[in-house]
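S.K.: this one's structure only:
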């Protein structure tokens with residue numbers, strides 16, 4: 001899950017981390033929903049559950065389709081939206097369909113399918129059609145649209161002096177401009193891209209895939225989607241794995257504070273590792289190294305770093321560039337390269353490259369997707385922080401005690417949604433998913449974006465939650481950690497064998 005900091009969207013999907021590091025037949029795939037699955041349609045929505053799915057080849061080994069979902073799950077007559085699907089069919093004896101989500105909010109499940117095909121265990125690939133979807137508002141589904149690329153580019157690089165009332169007002173004005181642009185260019189969809197609506201879409205997809213139960217693999221924010229689905233439809237949960245778990249009991253302010261601490265600790269771990277090797281530009285103790293990085297960020301605020309082009313690296317862009325490398329230990333050398341350039345030459349080309357990668361910005365100033373727009377739109381419907389200035393300043397003081405290097409970027413998050421055009425959607429599901437079968441919750445001990453305590457909390461919140469722990473660095477575990485995690489997940493997804501309580505890998 002991306003955190004909700006003031007300046008940054010720091011949750012990168014599993015697909016993005018993998019990218020930084022480095023025509024199939026229908027077979028016996030059902031064309032429409034099975035009678036038993038269709039019978040589970042909410043009253044008035046039977047037509048949506050009864051539609052056919054027409055799969056077309058969309059690359060070697062892949063098929064794509066578009067289905068129709070209701071604009072509103074409260075009003076079947078309010079209109080319709082499109083949901084984009086992509087699948088890779090089972091390579092062995094087909095057991096069913098495995099729905100996947102990479103996180104965000106705003107991550108594309110369609111784009112994520114090839115990544116899962118690469119990282120999933122062979123037994124999972126043999127048994128399941130791996131199916132990704134772009135949630136409502138995202139990517140190839142009916143999208144949230146806000147600024148044009150030039151205006152978006154400018155906004156994502158903006159710095160604000162939040163120690164002053166003028167700086168707070170400027171940030172609030174920019175957030176209001178986002179809301180106004182999204183409302184004008186998106187329309188009524190903007191009020192229906194909340195997580196609960198997306199989870200209801202998942203049940204529609206389940207039915208159209210011919211599945212009585214939903215087998216699901218969700219990463220990061222995808223764990224929030226999965227937990228919400230389980231709370232809405234506990235009797236329809238199949239084998240569900242939630243990796244890089246979100247604590248669904250936290251409000252927006254609590255989430256920001258937790259992530260600030262997580263990124264601070266991940267950065268400390270990086271500094272210690274850097275100083276223990278060769279060629280590290282950070283000298284002295286770990287505290288000295290952290291102070292060096294804070295100095296880099298502060299200088300970017302007062303005098304943005306020049307690059308070989310006509311762009312400069314602001315403090316916000318510098319933070320993006322640093323944060324994106326903390327999602328996987330294999331990305332730490334890229335951070336060392338960026339800091340070496342900044343500290344020895346005073347230029348920010350590598351930091352800018354990393355920031356652009358994080359923001360999905362192309363070299364020509366266009367953007368590869370609408371993840372920034374969807375992230376904001378979904379977040380503002382799900383939960384909002386306080387807008388009381390005194391409370392925000394008190395929160396920032398507490399955050400900076402535990403995260404003195406990066407805490408600045410996680411305060412005042414309530415301003416992001418203060419003037420959002422649509423209200424928060426009331427919770428309408430059981431947080432405990434009472435009645436659901438065992439759900440495997442994975443936590444990584446040094447995960448910056450979804451701290452380990454969140455996985456512990458989600459496993460405790462879900463009545464049937466089973467915690468699987470990966471002792472390591474980075475965000476999420478399945479497909480990027482070790483065979484202990486991989487075998488445990490494969491055994492659960494394919495055979496329904498749950499990990500022993502307290503398993504650590």
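M.R.: Perfect, I can see it now. Keep in mind the model is a prediction, meaning the values are calculated, not measured.
S.K.: and the strands in the stretch 201-350 of the chain?
M.R.: Secondary structure of the stretch 201-350 of the chain (DSSP state E, counting those that start in this stretch): strands at 214-219, 237-243, 305-306, 312-313.
S.K.: with the stretch 401-505 of the chain instead?
M.R.: 439-446, 465-473.
S.K.: and these as JSON lines, adding mean neighbour count?
M.R.: Where C-beta positions appear, they are placed from N, C-alpha and C, glycine not excepted. As requested, these are exported to JSON lines (neighbours: other CB atoms under 10 Å):
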{"stretch": "strand 439-446", "mean neighbour count": "25"}
{"stretch": "strand 465-473", "mean neighbour count": "22"}
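S.K.: quick one, longest strand in the protein?
M.R.: strand 75-88 (DSSP state E).
S.K.: related to what we said a few turns ago, okay, the strands of the stretch 201-350 of the chain in CSV with mean neighbour count and mean pLDDT next?
M.R.: Shown next, in CSV, are the strands of the stretch 201-350 of the chain (neighbours: other CB atoms under 10 Å; pLDDT from 0 to 100):
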stretch, mean neighbour count, mean pLDDT
strand 214-219, 28, 98
strand 237-243, 26, 98
strand 305-306, 20, 98
strand 312-313, 22, 98
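S.K.: got TSV for the ones you listed, with distance to residue 75 too?
M.R.: Listed next are those as TSV, based on distance: least, CB to CB, whole Å:
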stretch	distance to residue 75
strand 214-219	24
strand 237-243	26
strand 305-306	51
strand 312-313	47
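S.K.: can you list the weak-confidence ranges in this structure?
M.R.: For the chain, the stretches flagged by pLDDT under 70 are 1-38.
S.K.: find the centremost residue of it, please.
M.R.: For the chain, the residue nearest the mean C-alpha position is residue 104 (2.2 Å; CA atoms, centre = their mean).
S.K.: that one should be in a strand, yeah?
M.R.: No. Membership of residue 104 in a strand is not supported by DSSP: H, G, I helix; E, B strand; the rest coil, which gives coil.
S.K.: now it: how far from residue 214?
M.R.: Counting by CB to CB, to the nearest Å, the gap from residue 104 to residue 214 is 19 Å.
S.K.: still on that earlier bit, tabulate the strands of the stretch 401-505 of the chain (a markdown table), appending distance to residue 116.
M.R.: Shown next, in a markdown table, are the strands of the stretch 401-505 of the chain (distance: least, CB to CB, whole Å):
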| stretch | distance to residue 116 |
| --- | --- |
| strand 439-446 | 15 |
| strand 465-473 | 18 |
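S.K.: so which of these gets nearest residue 333?
M.R.: Checking those against residue 333 by CB to CB gives strand 465-473 as the closest, at 13.4 Å.
S.K.: contacts for that closest one?
M.R.: Residues from elsewhere that reach strand 465-473 (CB atoms under 8 Å, 6 or more residues apart in numbering): 266, 269, 328-329, 438-446, 452, 455-456, 458-459, 477, 481-482, 484-485, 488-489, 498-499, 501-505.
S.K.: quick one: residue 44 from residue 262, how far?
M.R.: Using CB to CB, we find residue 44 at a distance of 43 Å from residue 262.
S.K.: neighbour count: those two, which is higher?
M.R.: Between residue 44 and residue 262, residue 262 has the larger neighbour count (other CB atoms under 10 Å), namely 27 against 13.
S.K.: identify each buried residue in the longest strand of the chain, please.
M.R.: Buried residues in strand 75-88, counted by 16 or more other CB atoms under 10 Å: 76, 81, 83-88.
S.K.: before we move on, what about stretch 65-77?
M.R.: Buried-residue list, stretch 65-77, by 16+ other CB under 10 Å: 65, 67, 69-73, 76.
S.K.: and stretch 289-306, by the same measure?
M.R.: 289-293, 296-297, 299-300, 304-306.
S.K.: could you give the separation of the longest strand of the chain from the chain centroid?
M.R.: 21 Å (CA atoms, centre = their mean, to the nearest Å).
S.K.: how about stretch 213-224?
M.R.: Centroid separation between stretch 213-224 and its chain, computed with CA atoms, centre = their mean, is 11 Å.
S.K.: re the thing from before, okay if I get the buried residues of strand 75-88 as CSV plus distance to residue 402?
M.R.: Output for these, formatted as CSV (distance: CB to CB, whole Å):
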residue, distance to residue 402
76, 47
81, 41
83, 40
84, 40
85, 42
86, 41
87, 43
88, 42
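S.K.: quick revisit: looking at the buried residues of stretch 65-77, which two lie furthest apart in space?
M.R.: 65 and 72 (22.5 Å).
S.K.: all helices for the stretch 251-400 of the chain, in order.
M.R.: Using DSSP state H, counting those that start in this stretch, the helices of the stretch 251-400 of the chain run over residues 252-275, 286-302, 315-324, 332-345, 349-359, 371-382, 389-402.
S.K.: and the shortest one, how far out from the chain middle?
M.R.: Translated: helix 315-324. The chain centre lies 17 Å from the centre of helix 315-324; the measure is CA atoms, centre = their mean.
S.K.: residues making contact with it?
M.R.: With contact meaning CB under 8 Å, 6+ apart, helix 315-324 is reached by 7-8, 10, 12, 16, 20, 156-159, 263, 267, 293, 296-298, 300-301, 304-305, 313, 331, 335, 338, 348, 350-355, 357-359, 406, 409, 448.
S.K.: quick one: residues in contact with stretch 164-173.
M.R.: Applying CB under 8 Å, 6+ apart, the contact partners of stretch 164-173 are 6, 160-162, 389, 412, 415, 418-419.
S.K.: and which of those residues is nearest residue 426?
M.R.: Lowest distance from residue 426 to the contacts of stretch 164-173 (CB to CB) belongs to residue 418, with 18.9 Å.
S.K.: the helices of the stretch 251-400 of the chain: which one's closest to residue 201?
M.R.: Closest approach to residue 201 among the helices of the stretch 251-400 of the chain is made by helix 371-382 (12.6 Å; CB to CB).
S.K.: what about the nearest residue to residue 288 once chain neighbours are set aside, how many residues nearby?
M.R.: Nearest residue to residue 288, sequence neighbours excluded (CB to CB, 6 or more residues apart in numbering): residue 282, at 7.3 Å. Neighbourhood size, residue 282 [other CB under 10 Å]: 22.
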